[in-house]
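In: My questions concern the predicted model and sequence given below.
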Amino acid sequence: MTRLLCTLLVSLLAFQVSAQSFTASIDRTRLSASETFELTLESDDATQFGKPDLSPLETLFEMLGSRQVNRLTSLNGESRAITRWIITLQPKQSGYVIVPPLSLGELQTLPLTLHVQEANADNAASKLAPVFIDASLDQPSVYVQAQSVLTLHIYHSVSLYDDSSLSPLEMPDARIEQLGEPRTYEKDINGIRHGVIELRYAIFPQRSGELIIPAQAFSATLVDSASRKDVQPFGQRPGKVARVKSPEIPLTVKAKPAGYPADASWLPARTLSLTEVWSPQPDGAKVGDSLTRSLMLKADGLSSAQLNPLPATAVKGLRRYPDQPQLANQISDSGVIGSREEREALVPNRSGQLELPAVDIIWWNTVEDRLERTSLPPRSLEILPVPRLESAPAPSEMPSPMWVQGPPLWPWQLSSGILTITTLLGFGLWWHARRQPAIARASQTGPSPRSLLDDLKRACLANDSQATRHALDAWARQQPETLAEMAARFVPLSDALDGLNGALYSETGQHWQGEDLWLAIRTLPSNQAGTTTATAQETSPLPPLYPR
């Protein structure tokens, strides 16, 4: 018993240790050699009271400052303490630098990769100003409607009040999207440490030709260190107001290439991918099963608004119920990554092999400057039959008759004559019983056709698709025909059943209206065998109160 308790205690401690985490992240993956970045270490282990070992950073980075933040969060009713250490670092070398793993007790972070570029030689005259601004484009020329990334750097060697403002970037011949929130960090320029405010914009030109990126104006009040102690909370702030403008930048916009197909949508992107997901997997699907097909189109360098709808799945034997497309934009170092997801419910209405065509997307690769084609290969679906749901074969699919010598016809003629006599005799007895006084009927063992029809009527008029499906199956089990046979000879009932199936297999079921289905049931004509309609079933089964 003692050994068992020790084993359980060790297992519990091991589980608690594995549940703790110690992670590392950086605010940027690409920077200049003279710039700084922030390394964030996060731990949720409440048993650790020390600090992370930062000694592995000393050989590759210069540590300019650090701070600790403690937070208490609640997840699933459980409180959890989180500790963060935020360290400001400056690389000592350029190239690809690895942030080494750091330890906190027995926990350790994963290594991170940082791309440090060589520092550019800036204009010495502009560095003398306490505030100046730079603007640059990631490429001097782009195709029409393709993405160009504009980066603004606002440098200040003195402190600024929080009243700074930047004029909005407005261009009538281009669509503009801001890439995330402004970033702030520090940079060493000519031995002087500057604060940097970085803003990035994605520009999508809408016409070809020469496009001028307008200058942006930045204004802020410089903090006067000599009079900082005399600042009033709500009074005028002392200090000089600095106003600077970014330079105007020309951008060459190229027209759509002449070799691009005229019938294809113009999609200039860095990369483009098309993926397909099924839920559930279509292997082994049966007639009437609902298969959800999801197509995801993702393009690096295009916003989601520029992605056109994907081709619809138009296949004979599959009923299609599409959902609303899901559009999303993701911000990356290269700009905008737009995605478009289209989901559709596919319901097979016949067995056999169904061929789904290939999905082709034509686009222009702006990196390789060439035409590209991204495709999903054609897919074959093998649909298994369900005997109780399979309808009768179409006339074109029925085998051709073969004339053979059969047995003599007199037995069939004799049986038909006997059946006719008994039918007439039964009709006469029924007519005689109809004129008799009302008598008490024996109690039925199951629901009567009238009650089943009333249940179906209430479910249809209540617009409840699930209840209507159950009531319809119960009513159909007492009919001489199947639903497939009734729908095959009465078109309004077939259309109403299609609407009910669409409501059951899609997210629009709450908007289904059952009045058409009830009207089709009421007006269902009798078959050739002389069966009664739903309207006849609706009459009262009780004998007349005053018989003749």
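Out: Here it is on my side, so go on. These numbers were taken from a predicted model, which means no experiment stands behind them.
In: helix or strand right after the longest helix along the chain?
Out: The longest helix of the chain (DSSP state H) is helix 410-434. The first helix or strand that comes after helix 410-434 along the chain, using DSSP states H and E, is helix 449-461.
In: And Gly502, how close does it get to Gln513?
Out: 12 Å (CB to CB, to the nearest Å). Quick note: C-beta positions are derived from backbone N, CA and C, even for glycine.
In: On the pLDDT front, check Val241 for me.
Out: As predicted, Val241 sits at a pLDDT of 83.
In: Report how many residues lie close to the closest residue to it other than its chain neighbours.
Out: Leaving aside its sequence neighbours, Val241 sits nearest to Thr221 (CB to CB, 6 or more residues apart in numbering; 5.3 Å). Residues lying near Thr221 (other CB atoms under 10 Å) number 18.
In: can you list contacts of the host helix or strand of Thr221?
Out: Using DSSP H and E, Thr221 sits within strand 217-221. Strand 217-221 is touched from outside by 131, 133, 154, 156, 160-161, 163-167, 237, 239-246, with contacts defined as CB atoms under 8 Å, 6 or more residues apart in numbering.
In: In helices only, show me those residues.
Out: Of those, none are assigned to helices by DSSP H.
In: before we move on, back to that, remind me what the longest helix of the chain packs against, helices and strands.
Out: If contacts are counted by 3 or more CB pairs under 8 Å, 6 or more residues apart in numbering; DSSP states H and E, helix 410-434 sits against no helix or strand.
In: Which positions in that helix come out as buried?
Out: Residues of helix 410-434 classed as buried: none (neighbour count, 16 or more other CB atoms under 10 Å).
In: Same drill for Gly502 and Gln513, tell me which one is more crowded.
Out: More crowded of Gly502 and Gln513, by other CB under 10 Å: Gly502, with 18 against 13.
In: quick one: that one and Phe427, what's the gap?
Out: For Gly502 relative to Phe427 (CB to CB), the value is 44 Å.
In: Just say helix, strand or coil for Asp495.
Out: The three-state label for Asp495, taken from DSSP: H, G, I helix; E, B strand; the rest coil, comes out as helix.
In: whoops, I mixed them up, Met63
Out: Under three-state DSSP, Met63 comes out as strand.
In: give me the beta-bridge partners of it?
Out: For Met63, the beta-bridge partners are Leu89 (DSSP bridges).
In: Let's see the pLDDT reported for it.
Out: For Met63, the predicted pLDDT is 84.
In: go on, Pro233?
Out: 52.
In: and if you look at Ile521?
Out: The model's pLDDT for Ile521 equals 87.
In: any idea which element it lies in?
Out: Using DSSP H and E, Ile521 falls in helix 515-522.
In: For that helix, buried residues please.
Out: So helix 515-522, judged by 16+ other CB under 10 Å, has buried residues Asp516, Leu517, Trp518, Ala520, Ile521.
In: separation between the closest residue to the first one other than its chain neighbours and Arg477?
Out: Which is Asp516. Nearest residue to Asp516, sequence neighbours excluded (CB to CB, 6+ apart): Ala496, at 4.9 Å. Separation of Ala496 from Arg477 (CB to CB): 19 Å.
In: And these two? Which one has more around it.
Out: Neighbours were counted for Ala496 and for Arg477 using other CB under 10 Å; Ala496 has more, 22 against 10.
In: so what's the more buried one up against?
Out: Here Ala496 is in contact with Asp516, Leu517, Leu519, Ala520 (criterion: CB under 8 Å, 6+ apart).
In: one more time with 10 Å, if that's ok
Out: Contacts for Ala496 (CB atoms under 10 Å, 6 or more residues apart in numbering) come out as Cys460, Leu472, Ala487, Phe490, Gly514, Glu515, Asp516, Leu517, Trp518, Leu519, Ala520, Ile521.
In: what's the farthest-apart pair in those residues?
Out: For the contacts of Ala496, the farthest-apart pair by CB to CB is Ala487 and Glu515; their separation is 17.8 Å.
In: And the closest residue to Pro214 other than its chain neighbours, how far from Asp300?
Out: In this structure, Pro214 finds its nearest non-sequential neighbour in Glu248, 6.2 Å apart by CB to CB, 6+ apart. For Glu248, the distance to Asp300 (CB to CB) stands at 28 Å.
In: what's the answer for Glu181, then?
Out: Glu181 is 21 Å from Asp300, where distance means CB to CB.
In: Which one's more surrounded, the two?
Out: Using other CB under 10 Å as the criterion, Glu181 and Asp300 rank with Asp300 on top: 19 against 9.
In: wait, doesn't the more buried one sit right on Ser334?
Out: Yes. Here Asp300 reaches Ser334: they are 6.3 Å apart, a contact under CB atoms under 10 Å.
In: which residues does the spatially most central residue of the chain bridge with?
Out: Note on the chain: the residue nearest the mean C-alpha position is Gln326, at 4.7 Å, using CA atoms, centre = their mean. Per DSSP bridges, the residues bridged to Gln326 are Glu341.
In: how near is Thr275 to Val359?
Out: 11 Å.
In: can you check Glu58 too?
Out: Distance, Glu58 to Val359, by CB to CB: 54 Å.
In: neighbour count winner among these two?
Out: Under the criterion of other CB under 10 Å, the comparison of Glu58 against Val359 puts Val359 first, with 18 against 10.
In: mind listing what Ser279 touches?
Out: Ser279 neighbours (CB under 10 Å, 6+ apart): Ser290, Leu291, Thr292, Arg293, Ser294, Arg343.
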